[in-house]
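Participant: Structure here, sequence nowhere to be found:
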């Protein structure tokens with residue numbers, strides 16, 4: 001089935017699952033509409049890789065960080081997002097699920113890149129809040145590298161912190177320290 005055949009209707013979960021993998025593009029679906037964008041540039045990818053690794057190394061054993069996995073926000077109309085990094089239960093990851101439900105995601109993180117700023121700051125902010133994801137962090141790689149922390153309060157996100165340099169953030173009782181500048185340099189921080 002080609003993407004052109006879907007122009008006359010909204011995608012279903014079965015059609016989403018049937019899409020062929022293609023490493024040239026990043027695919028998401030919002031309210032049944034397929035969104036296709038180029039894969040992020042290496043600068044972005046390096047930051048996402050380091051961010052996931054640095055967070056994962058500081059989490060308690062029952063939690064882990066993953067990069068670019070599908071989160072099924074709603075099934076009808078279908079909305080599937082692929083946050084740059086999520087934190088979820090290690091026991092769940094060990095079952096190797098196809099995708100994650102919003103209630104299984106403690107934190108979603110997006111790293112801004114060219115073409116994603118409005119999507120990450122407005123659309124995904126609303127999508128993740130509507131889905132009930134408790135924490136949402138946005139990392140901006142433009143100098144100085146910064147991170148905005150959002151916490152879900154009564155169904156909406158409130159900014160609970162803005163950080164540059166080295167930041168220590170409490171995530172449900174677990175402190176996470178990040179050298180934000182190390183996300184974009186050759187060598188990442190040592191823990």
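Facilitator: Looks like it came in fine. As the structure is a prediction and not an experimental result, all values here were calculated from the model.
Participant: For the rest of this, base every contact and every neighbour count on C-alpha atoms.
Facilitator: Fine.
Participant: Please, where are all the strands along the chain?
Facilitator: Counting by DSSP state E, the chain forms strands over residues 25-30, 33-38, 63-67, 71-75, 78-81, 85-89, 105-111, 135-140, 146-153, 156-164, 166-171, 174-179, given from the N-terminal end onward.
Participant: Same list, these, but as TSV with mean pLDDT and distance to residue 50 please.
Facilitator: Formatted as TSV, the entries for these read as follows, by pLDDT from 0 to 100; distance: least, Cα to Cα, whole Å:
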stretch	mean pLDDT	distance to residue 50
strand 25-30	89	19
strand 33-38	86	21
strand 63-67	97	10
strand 71-75	97	21
strand 78-81	96	21
strand 85-89	98	10
strand 105-111	98	11
strand 135-140	98	12
strand 146-153	98	14
strand 156-164	97	16
strand 166-171	95	14
strand 174-179	95	10
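Participant: Serialize those to TSV and add fields for distance to residue 45.
Facilitator: Converted to TSV, the strands of the chain look like this (distance: least, Cα to Cα, whole Å):
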stretch	distance to residue 45
strand 25-30	12
strand 33-38	12
strand 63-67	10
strand 71-75	19
strand 78-81	17
strand 85-89	11
strand 105-111	9
strand 135-140	13
strand 146-153	16
strand 156-164	20
strand 166-171	20
strand 174-179	17
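Participant: Turn these into TSV, including mean neighbour count and distance to residue 121.
Facilitator: As requested, these are exported to TSV (neighbours: other Cα atoms under 10 Å; distance: least, Cα to Cα, whole Å):
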stretch	mean neighbour count	distance to residue 121
strand 25-30	18	16
strand 33-38	14	17
strand 63-67	20	19
strand 71-75	20	17
strand 78-81	23	14
strand 85-89	22	15
strand 105-111	23	9
strand 135-140	22	8
strand 146-153	19	10
strand 156-164	15	11
strand 166-171	14	20
strand 174-179	17	21
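Participant: what's the distance between the residue nearest the centre of the chain and residue 9?
Facilitator: Nearest to the geometric centre of the chain sits residue 83, at 1.9 Å (Cα atoms, centre = their mean). Distance of residue 83 to residue 9, computed by Cα to Cα, to the nearest Å: 25 Å.
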